[in-house]
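1. Sharing a model that was predicted from the sequence below.
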Amino acid sequence: MADVRHFLDIDRLDRATLRTILSKGASLKEVRGTVDADKPLDGKTLVMIFEKPSTRTRVSFQVGMQELGGHTVILNDSDSQLGRGETVADTARVLSRYADAIMIRTDDPTKLVELEKYATVPVINGLTDDSHPCQIMADIMTFEEHRGSIEGRTVAWAGDGNNVVVSWVHAAARLGFEMRVATPKELQPNHGLIEWAKKEGANVTLTDDPQAAVSGADLVVTDTWVSMGDDDAGSRHNMLAPFRVDEALMSHANSDALFMHCLPAHRGEEVTEAVIDGPQSVIWDEAENRLHVQKAILTWCLS
């Protein structure tokens, strides 16, 4: 439906909308716990579908909805008929009669597309194997808290070319920062993504040299080498070892560069303890900001 506001992927939204959400997230964080914190979603219900395990997504959406005055219903894969063969279309139609919004965290991005097609309420992408837009919105909010506008800055990725990279590239195209992606050639993101970004006028570079990517960067980002569902852990570790974010790699970034990781982290694998627990790391602010930016997404979807 044309009048329903979905939050599906960053590339589906324009710069002004993304800026509105980021600004709202910052204002909600500022008044959290004060008498000025209103309850704009009083009486609203969010259904959350989890087909993948979750800590941050589940807790941040549940707490966020409650702080906005609303309620949540949580469905794990074993809790719903969706996990027993009911079509996504039928699930979307039914949940739209019960709830005001639907959030899904799934391995299958086609389920997100089907939910959007058949739901008559907003659908929010909590994560798919293709993208992770809520996380990148929180990351950008975190960067701008510490360093000001991300526009014109340089973000470097070192590691697997996964769903988080996809959303970072989408954001680079919409918010005007340089994105350098360093991955092994075997694990590069889809080249169609890079072609799309360049057509959108984005400054995106793909390389297999992590030092070149990190050189002069304002922000260095990585993620776990083995995602849920990957069955090639051994070969991935061998390919990705040169992309580990350690003190030597961080030394090529700007002296005031930040480090981020969306968590959970495997210390000693994709990042060393000296970096993730060091002075450049802002991972706890990053994790907290999932709550604030998702509250902003909820209010935007349901306004």
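-> Yep, that arrived.

2. Spatially nearest residue to residue 166 (excluding sequence neighbours)?
-> residue 131 (4.8 Å; C-beta to C-beta, 6 or more residues apart in numbering). Glycine gets a C-beta too; all of them are placed from N, C-alpha and C.

3. quick one, phi/psi of the one you found?
-> The phi/psi pair for residue 131 (degrees, to the nearest 10) reads phi -160, psi 170.

4. Check residue 200 too.
-> Per-residue torsions, residue 200: phi -80, psi 0 (degrees, to the nearest 10).

5. Report the separation between it and residue 5.
-> 22 Å (C-beta to C-beta, to the nearest Å).

6. who's more crowded, these two?
-> For residue 200 versus residue 5, the count of surrounding residues by other C-beta atoms under 10 Å is larger for residue 5: 17 against 14.

7. Could you look up the SS state of the residue lying closest to the more buried one once chain neighbours are set aside?
-> Among residues not flanking residue 5 along the chain, residue 301 sits closest, at 4.8 Å (C-beta to C-beta, 6+ apart). Assigned state for residue 301: helix (three-state reduction, DSSP: H, G, I helix; E, B strand; the rest coil).

8. Going along the chain, name the strands of this protein.
-> Residue ranges of the strands in the chain, as given by DSSP state E, are 45-50, 71-76, 101-105, 123-127, 154-158, 178-182, 204-207, 219-222, 258-261.

9. Tell me which of the ones you listed lies nearest to residue 35.
-> Residue 35 lies closest to strand 71-76 among these, at 22.5 Å (C-beta to C-beta).

10. Might you calculate how far the closest one sits from the centre of the chain?
-> 20 Å (C-alpha atoms, centre = their mean, to the nearest Å).

11. same check, this time on stretch 233-246
-> Distance, centroid of stretch 233-246 to centroid of chain: 22 Å (C-alpha atoms, centre = their mean).
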